[in-house]
Each structure stands twice: as structure tokens, then as C-alpha cells.
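Asks: Fold the following for me, if possible:
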Amino acid sequence: MNFEQNCYNPCVYNRLDEGEKTTVRVHVDDLKISSVSKLRLLEVIRQLKEVYGEITEHLGVEHDYLGMVLSYHPEERQITLNMGEYIQVSIEEFEKDTLTKIKMFLTPATNNLFHIRNGPERNMLGHIQKSQFYSTVVKLLFVAKHGRPDILLAVSFLTTKVQEPDMDDWKKLIRVLGYLKGTVDFELVKSCKNLDTLTWYIYVTYAVHHDMKGKSGALLRIGESMVFSPSNKQKLITRSSTETETELIAVDDALLMIQWTREYMKDQGYDLETIIKEDNKSSMILMKNRRVLSGKRTKHLDICYFYVKDLLERGIVKIEHCCAEDMIADFFTKPLQGRKFKIMRDLILNRSHSLPNNTGVCWETVINDY
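Replies: Predicted coordinates for the structure are as follows:
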């Protein structure tokens with residue numbers, strides 16, 4: 001059908017017809033197709049039917065796709081993503097299976113999220129509860145990765161506990177469910193306004209885990225949208241009391257995704273500038289002038305953690321200072337509370353933008369089981 005595969009994502013295909021682009025995304029046996037032209041879209045459907053016969057399609061500006069309700073608002077150049085029904089069903093199934101009535105919470109985790117008991121103090125879960133814990137965490141991971149990044153930090157920690165969860169972990173899981181229960185209708189808003197820069201916020205909390213490893217948080221902002229937000233436990237233990245080494249590892253961990261995103265967007269027709277936001281000036285200096293600052297305190301770091309210096313010199317990425325108050329990625333490294341949590345959460349979900357009713361058309365279709 002003359003579609004070309006994106007070089008950096010084998011599940012994305014594009015076709016250009018007289019200046020009008022049609023994009024197809026593949027997920028197993030489902031297709032999600034979008035185009036500025038309804039005629040182009042209908043032509044793709046016709047061609048698919050010639051090959052596969054009858055297919056189920058859904059055309060319009062609102063779609064229930066893989067548990068996500070996607071609503072397009074073309075006049076605002078925005079899309080809202082709602083997983084409320086999926087979340088509600090997950091909570092109800094948990095309450096039914098565990099005979100637990102979940103109460104609502106204002107945040108998904110308390111300050112003791114990373115605290116772990118050792119030895120005889122641990123109250124391990126039984127086989128049935130362990131199975132329930134595992135299946136629920138898997139569901140929440142899907143929610144966190146697709147529509148509710150505000151629970152990602154807590155869920156990221158819980159995924160490290162699925163093999164041997166204890167009662168503390170059980171209570172932390174219930175806390176996440178209770179937070180979702182009170183915010184079940186929250187939506188993630190994405191916008192394609194000001195689509196000129198890939199801005200990465202990278203932050204780290206030093207030695208926050210019980211084994212003294214750090215927690216890396218990152219957030220990719222494209223235009224006005226937060227589109228990607230990993231929250232990972234670092235693989236190495238660092239010894240820098242100033243957190244400089246930990247910051248370097250966090251940046252290096254994100255570099256592959258940073259480069260991939262740049263090239264993926266370029267293959268989609270958007271050649272965007274890439275900027276890394278850092279709040280640690282010492283780390284920034286070390287990235288730009290590695291040999292000047294290298295000494296006995298940094299020799300134990302492998303040279304791969306200074307790969308960013310080569311990218312900076314070649315102009316592939318830029319690095320800019322970001323004051324601590326504006327470091328959004330902090331949200332993914334520690335369990336914030338109160339007003340700061342609410343401000344950061346609403347910024348990440350883009351909840352500050354209210355969407356008016358509109359009658360514009362953005363042609364999109366979902367084809368199931370093609």
C-alpha cells in the first residue's frame with residue numbers, strides 16, 4: 001500500500017499523498033490510523049478490506065482504544081486520554097477479590113514509600129494475597145504508563161516487590177488504589193501546540209532506596225505536553241555526597257531514549273531541537289568539561305557516563321540549567337505531598353487547560369482485529 005515504516009519504530013507507518021500524510025500505528029492485531037483527510041483514511045480502510053475482507057472499524061473523534069478513551073479536540077489541537085473505566089473496574093475487582101473497602105487518599109504514596117522492613121519484622125503475604133498483589137500491580141503499571149503518570153513513582157516501587165511482597169507493600173498498594181478512587185475521572189491532556197522542542201527534565205534522589213541506590217526521574221516535554229516519564233531505580237551505587245555522580249548516571253540512563261526520540265520524531269517529519277534540563281550546576285560543568293574536573297573522586301565512573309559530552313560537542317543535544325523549583329522530574333523521584341504534589345501533578349497531566357466543546361473534525365479511526 002506504499003506505506004513507509006518509521007526507521008525507529010517498526011509499529012509506525014506513514015504515507016504521503018499530495019502533501020497529505022496518513023499514519024498507521026500497529027498494536028498486535030489492532031490498527032490506529034490518522035489523517036488530516038477523511039478521504040485518505042477511507043481509502044486505507046478500502047484497501048485493507050480488499051486483503052482481509054470484513055474488518056471492524058470505528059471512525060470519528062472519540063475512541064476506546066486498549067482501555068484508553070481518546071477524545072480529539074482539533075480546534076484546541078489537543079487530545080484527552082481517560083482511563084477512568086479501566087481504573088474503576090480494576091478497583092472494584094480488587095475490592096471484591098480481597099473483601100477490602102478502599103477509602104480515598106489525596107496522594108498515591110506517603111513519605112515512607114521506600115522504607116523496607118528486614119528480618120523477622122516483615123509480615124509476608126500468603127499465596128492468594130501475593131497473587132492478587134502481582135495482578136493488581138501489573139494493571140496499575142499499564143495505567144501509569146499510558147494515562148496516569150501521577151501514580152508512576154509509587155507503582156515503579158511496587159513492581160520491585162512483586163516477587164516477595166509483605167504487608168507494608170500491601171498497604172502501599174491500597175494507598176495507590178485509594179488515590180485513584182478519588183481521582184478516577186482525571187484525564188491526561190496532550191497538545192501539539194508549539195511543537196518545536198524536545199525538552200527533557202532529569203532529576204535524581206540520592207541513595208533513597210534501602211540498598212543506597214538512587215532514584216532517577218525524567219520527563220519529556222514536547223511543546224506543551226508531557227509525553228514520557230520514566231521513573232527508575234539506578235543500577236549502580238554512587239559515593240558522591242554532592243549527588244554529582246548520581247546525576248551523571250541519571251543523564252546517561254536517559255541518553256538512549258533522548259536520542260531515539262529525536263530520531264523518531266525526525267523520521268515523522270519533525271526535526272526538533274533537543275534540550276536537557278538540569279538543576280545541578282556541578283554536573284553540568286562535569287558533562288561539558290570532563291577532563292578538567294576528573295580526579296580521584298570521579299575516576300571510578302566508567303567513561304560511558306560522559307558520552308553526553310560528545311553529544312553536546314556535536315550539537316545533538318543542549319543542556320540548560322533549571323532551578324530546583326521548576327524541576328518537574330522531581331515528581332518521579334520522591335513521594336511529594338500537599339500543595340507541591342498537586343501543582344506538579346496538574347502540570348504533568350496538563351489539567352490547567354480546560355477544553356471547550358467543539359465541533360471541529362480530526363479524522364481518526366481504529367480498526368480492531370484486522
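Asks: tell me the contacts of the closest residue to residue 6 other than its chain neighbours?
Replies: Of all residues not flanking residue 6 in the chain, residue 12 sits nearest, at 4.1 Å (C-beta to C-beta, 6 or more residues apart in numbering). Just so you know, the C-beta spots here come from the backbone N, C-alpha and C atoms, and that holds for glycine as well. By C-beta atoms under 8 Å, 6 or more residues apart in numbering, residue 12 lies in contact with 5-6, 23-26, 268.
Asks: mind redoing it with 7 Å?
Replies: Counting by C-beta atoms under 7 Å, 6 or more residues apart in numbering, residue 12 makes contact with 6, 23, 25.
Asks: Would you convert those residues into a markdown table that also reports secondary structure?
Replies: Converted to a markdown table, the contacts of residue 12 look like this (DSSP: H, G, I helix; E, B strand; the rest coil):
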| residue | secondary structure |
| --- | --- |
| 6 | strand |
| 23 | strand |
| 25 | strand |
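Asks: tell me the secondary structure for the residue nearest to residue 6?
Replies: For residue 12, the secondary structure call by three-state DSSP comes out as strand.
Asks: same question, residue 94
Replies: Applying three-state DSSP: residue 94 is helix.
Asks: As a check, name the ranges of all strands in the stretch 51-200 of the chain.
Replies: 56-60, 62-65, 68-73, 78-82, 187-191, 197-205 (DSSP state E, counting those that start in this stretch).
Asks: Render the CA-only coordinates of the fifth one in CSV, please.
Replies: So that's strand 187-191. C-alpha atoms of strand 187-191 as CSV (Å, rounded to 0.1, in the frame of the first residue of the first chain):
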residue,chain,number,x,y,z
GLU,A,187,-7.6,12.9,32.3
LEU,A,188,-4.3,13.3,30.7
VAL,A,189,-4.3,16.2,28.2
LYS,A,190,-1.8,16.2,25.3
SER,A,191,-1.3,19.1,23.0
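Asks: Distance of residue 343 relative to residue 311?
Replies: 32 Å (C-beta to C-beta, to the nearest Å).
Asks: list the contacts for the nearest residue to residue 130 once chain neighbours are set aside?
Replies: Distances taken as C-beta to C-beta, 6+ apart put residue 165 closest to residue 130, at 6.0 Å, once the chain neighbours are dropped. Contacts for residue 165 (C-beta under 7 Å, 6+ apart) come out as 125, 130, 133.
Asks: Pick the one among these closest to residue 284.
Replies: residue 133 (41.0 Å; C-beta to C-beta).
Asks: Pull up the per-residue confidence for the closest one.
Replies: On the pLDDT scale, residue 133 is placed at 98.
Asks: Any regions of the stretch 101-250 of the chain where pLDDT drops low?
Replies: Segments of the stretch 101-250 of the chain classed as low confidence (criterion: pLDDT under 70) are 206-212, 214, 234-245.
Asks: Dump the strands of the stretch 51-200 of the chain into CSV; add distance to residue 17 and mean neighbour count as well.
Replies: Converted to CSV, the strands of the stretch 51-200 of the chain look like this (distance: least, C-beta to C-beta, whole Å; neighbours: other C-beta atoms under 10 Å):
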stretch, distance to residue 17, mean neighbour count
strand 56-60, 18, 14
strand 62-65, 23, 15
strand 68-73, 21, 18
strand 78-82, 23, 20
strand 187-191, 26, 20
strand 197-205, 28, 23
